[in-house]
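Q: Dropping a prediction and its sequence here:
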Amino acid sequence: MLQSPSAPSTPQPKPGVMAISPYVPGKSTAGPNVTVHKLSSNESPLGPSPRAVETLTRLGPQLAFYPDPSATVLRGAIGRRYGLDPARLICGAGSDELLSLVAHAYLGPGDEAVYSTYGFLVYRIAILACGATPVIAAEKDYTADVDALIGAVNARTRIVFLANPNNPTGTYLPFDEVKRLHAALPPTCLLVLDAAYAEYVQRNDYEAGIELVAGNHNVIMMRTLSKIYGLAALRIGWAYGPPGVIDAMNRIRGPFNMNAAAIAAGAAAIDDQAHVEQARAHNDLWLPKLTKALSELGLHVTPSVGNFLLIHFPLTTGRTAADADAFLMARGLILRRVDGYGLPAALRLTIGSDEQNRLVVSALTEFMST
């Protein structure tokens with residue numbers, strides 16, 4: 001059958017796909033002849049659990065075999081660690097895949113999904129990929145505003161995404177506020193709690209979401225092993241949700257979405273809580289030290305409970321975030337530009353090693369005094 005003169009001459013993606021802005025990860029390279037200190041992706045400065053590394057070295061002879069499609073060993077380790085029923089857990093290639101799975105399971109054309117102004121960029125991508133409409137709720141002081149989120153919900157809202165703590169701001173909502181948000185949602189709306197940085201939070205009024213999921217049919221909590229567990233390269237995410245939600249996600253995920261190395265090393269890392277405690281202690285030491293040091297330079301730092309800081313720079317020529325980024329890059333210090341979040345006057349700094357943290361303070365001291 002001949003094409004009409006106006007028909008496209010090449011395959012075309014479905015409507016809306018080409019309008020999606022691709023996710024841009026943190027940079028990992030700097031200028032020539034400099035030692036690179038990557039502080040742009042919130043990776044753990046302590047690296048992976050030694051148990052996880054040891055586990056990986058034993059996998060060679062098993063590489064010819066398909067992995068367990070149910071990630072049974074990993075779900076079992078997570079279940080033991082948190083006292084959860086493994087049947088209500090699902091694992092994926094990072095929490096990114098799980099966010100996309102829940103979006104594809106519950107969103108379609110005509111539906112809406114809500115997230116806050118500086119919410120994780122993957123939410124928007126996942127929503128648009130399903131043909132649904134993203135709705136942004138304004139924040140207060142770089143923190144999700146429950147009243148604004150509730151006000152954005154209507155009869156077409158199928159999902160509310162809440163990053164708690166939020167990336168890239170580092171702010172969080174107390175558990176009472178999360179419960180207030182959930183109580184205001186219609187029973188047909190799913191609350192997705194993205195708790196990627198939960199292990200770093202040392203606040204008595206915080207709860208990652210396990211309690212809320214346990215007693216409700218329309219809440220799911222996402223977690224990751226990329227941050228405090230130091231396994232970003234293996235892409236390991238997990239979620240705890242109601243049986244019906246987990247069943248829906250399992251029906252559309254790939255049958256072997258988790259590779260054998262991720263399953264085995266992830267289970268070993270979950271069981272190595274001593275390594276997690278070391279990473280948490282390092283973060284507890286440097287988070288306030290860096291906040292204080294950078295604030296004393298005249299920079300505004302958004303209070304953070306994660307393993308990173310959002311640093312706001314002046315708009316003065318020579319002192320802007322772009323100027324600071326270029327100055328730091330020349331010295332091999334790679335921070336994260338957050339222009340894509342609507343924050344062109346800020347950089348996000350991952351808490352690094354002792355040496356890296358001191359280098360950043362020294363470099364920014366020079367930058368602000370030049």
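A: Nice, I can see it. Residues are numbered from 1 along each chain as shown.
Q: Show me what counts as buried in stretch 283-299.
A: Going by neighbour count (16 or more other CB atoms under 10 Å), the buried part of stretch 283-299 is N283, W286, L287, L290, T291, A293, L294, L299. Glycine gets a C-beta too; all of them are placed from N, C-alpha and C.
Q: between these, which is nearest Y172?
A: Y172 lies nearest to L287 out of those, by CB to CB, at 13.1 Å.
Q: In contact with the closest one, which residues are there?
A: Contacts of L287 were listed using CB atoms under 8 Å, 6 or more residues apart in numbering, and they are S304, N307, L309, I351.
Q: Kindly recompute the last result at 10 Å.
A: Listed by CB atoms under 10 Å, 6 or more residues apart in numbering, the contact partners of L287 are G170, Y200, Q202, P303, S304, V305, G306, N307, F308, L309, I351.
Q: Redo these as a markdown table? Include distance to A264 and neighbour count.
A: Shown next, in a markdown table, are these (distance: CB to CB, whole Å; neighbours: other CB atoms under 10 Å):
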| residue | distance to A264 | neighbour count |
| --- | --- | --- |
| G170 | 32 | 25 |
| Y200 | 25 | 22 |
| Q202 | 30 | 11 |
| P303 | 38 | 16 |
| S304 | 33 | 27 |
| V305 | 31 | 19 |
| G306 | 28 | 28 |
| N307 | 25 | 26 |
| F308 | 29 | 28 |
| L309 | 34 | 27 |
| I351 | 28 | 26 |
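Q: Include secondary structure, distance to L181 and pLDDT when you put the buried residues of stretch 283-299 into JSON lines, please.
A: As requested, the buried residues of stretch 283-299 are arranged in JSON lines below (DSSP: H, G, I helix; E, B strand; the rest coil; distance: CB to CB, whole Å; pLDDT from 0 to 100):
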{"residue": "N283", "secondary structure": "helix", "distance to L181": "27", "pLDDT": "98"}
{"residue": "W286", "secondary structure": "helix", "distance to L181": "31", "pLDDT": "98"}
{"residue": "L287", "secondary structure": "helix", "distance to L181": "26", "pLDDT": "98"}
{"residue": "L290", "secondary structure": "helix", "distance to L181": "31", "pLDDT": "98"}
{"residue": "T291", "secondary structure": "helix", "distance to L181": "27", "pLDDT": "98"}
{"residue": "A293", "secondary structure": "helix", "distance to L181": "35", "pLDDT": "98"}
{"residue": "L294", "secondary structure": "helix", "distance to L181": "31", "pLDDT": "98"}
{"residue": "L299", "secondary structure": "coil", "distance to L181": "32", "pLDDT": "98"}
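Q: want to try TSV for those residues, with distance to A152 as columns?
A: Below are the buried residues of stretch 283-299 laid out as TSV (distance: CB to CB, whole Å):
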residue	distance to A152
N283	33
W286	36
L287	31
L290	34
T291	31
A293	38
L294	33
L299	32
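Q: Tell me which helix or strand comes right after the helix or strand containing L149.
A: Following DSSP states H and E, one finds L149 within helix 146-151. Of the helices and strands lying after helix 146-151 in sequence (DSSP H and E), the nearest is strand 157-163.
Q: which helices and strands sit right next to that next one?
A: helix 94-106, strand 112-116, helix 121-129, strand 133-137, helix 146-151, helix 175-184, strand 190-194, strand 219-224 (3 or more CB pairs under 10 Å, 6 or more residues apart in numbering; DSSP states H and E).
Q: Select from the contacts of L287 the entry with the lowest predicted confidence.
A: By pLDDT, Q202 ranks lowest within the contacts of L287, coming in at 94.
Q: my guess is it contacts D284, does it?
A: Yes. Here Q202 reaches D284: they are 6.4 Å apart, a contact under CB atoms under 10 Å.
Q: re earlier: how about a markdown table for the helices and strands packed on strand 157-163, with distance to V17 added?
A: Output for these, formatted as a markdown table (distance: least, CB to CB, whole Å):
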| stretch | distance to V17 |
| --- | --- |
| helix 94-106 | 14 |
| strand 112-116 | 17 |
| helix 121-129 | 7 |
| strand 133-137 | 14 |
| helix 146-151 | 27 |
| helix 175-184 | 31 |
| strand 190-194 | 22 |
| strand 219-224 | 24 |
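Q: possible to save those as JSON lines with mean neighbour count, mean pLDDT and distance to A324?
A: Shown next, in JSON lines, are those (neighbours: other CB atoms under 10 Å; pLDDT from 0 to 100; distance: least, CB to CB, whole Å):
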{"stretch": "helix 94-106", "mean neighbour count": "23", "mean pLDDT": "97", "distance to A324": "28"}
{"stretch": "strand 112-116", "mean neighbour count": "26", "mean pLDDT": "98", "distance to A324": "26"}
{"stretch": "helix 121-129", "mean neighbour count": "21", "mean pLDDT": "96", "distance to A324": "22"}
{"stretch": "strand 133-137", "mean neighbour count": "18", "mean pLDDT": "98", "distance to A324": "27"}
{"stretch": "helix 146-151", "mean neighbour count": "18", "mean pLDDT": "98", "distance to A324": "31"}
{"stretch": "helix 175-184", "mean neighbour count": "17", "mean pLDDT": "98", "distance to A324": "33"}
{"stretch": "strand 190-194", "mean neighbour count": "26", "mean pLDDT": "98", "distance to A324": "28"}
{"stretch": "strand 219-224", "mean neighbour count": "26", "mean pLDDT": "98", "distance to A324": "29"}
